[in-house]
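>>> Provided below are the primary sequence and the corresponding predicted coordinates.
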Amino acid sequence: MNIQIGDRLLMKKPHPCGGKIWKVTRIGLDFRLVCETCGREILIPRVKAEKGVKRILPDESVTNS
Ligand SMILES: [Zn+2]
C-alpha cells in the first residue's frame with residue numbers, strides 16, 4: 001500500500017467521534033493521522049495503520065490531477 005503525506009485514509013474502524021477519514025501528516029515508523037471530523041491527532045505504527053485502511057481517498061486540495 002502506497003500511502004503518502006496528504007493522503008486521506010478511509011479507515012475500517014471509525015474514531016469514537018464517528019469520523020472515518022484521517023489525513024496523513026507524517027510518515028515514518030509511525031504515521032501521524034488527523035481525524036477530519038474532530039481534528040484529533042494520533043500516532044500509530046505503520047503496520048497498524050496499513051491494516052486499518054479501507055481505502056485511500058483522493059486529496060481534495062489537489063486540483064490539477
Ligand atoms: Zn475524530
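In hand now; what should we look at?
>>> Is stretch 8-19 in proximity to the ion?
Yes. Counting by CB under 5 Å from the ion, contacts between stretch 8-19 and the ion involve 15, 17, 19. Any C-beta I mention is one placed from the backbone N, CA and C, and that applies to glycine too.
>>> Mind checking what secondary structure the last one has?
I take that to be residue 19. Under DSSP: H, G, I helix; E, B strand; the rest coil, the three-state class of residue 19 is coil.
>>> rewinding a little: now, among the residues of stretch 8-19 next to the ion, which is nearest to residue 33?
The shortest gap between residue 33 and any of the residues of stretch 8-19 next to the ion belongs to residue 15, at 9.6 Å (CB to CB).
>>> Please name the bridge partners of the closest residue to that closest one other than its chain neighbours.
Closest residue to residue 15 apart from its sequence neighbours, by CB to CB, 6 or more residues apart in numbering: residue 35 at 5.0 Å. Following DSSP bridges, residue 35 is listed with bridge partners residue 22.
>>> mind listing what residue 35 touches?
Residue 35 is in contact with 15, 17, 19, 21, 22, 41, 42, counting by CB atoms under 8 Å, 6 or more residues apart in numbering.
>>> Check residue 11 too.
With contact set as CB under 8 Å, 6+ apart, residue 11 has these partners: 20, 21, 22, 52, 53, 54.
>>> mind redoing it with 10 Å?
Neighbouring residues of residue 11 by CB atoms under 10 Å, 6 or more residues apart in numbering: 19, 20, 21, 22, 33, 35, 49, 52, 53, 54, 55.
>>> what about residue 14, distance to residue 27?
Note on residue 14: its distance to residue 27, by CB to CB, to the nearest Å, is 22 Å.
>>> which of these two has more neighbours?
More crowded of residue 14 and residue 27, by other CB atoms under 10 Å: residue 27, with 15 against 12.
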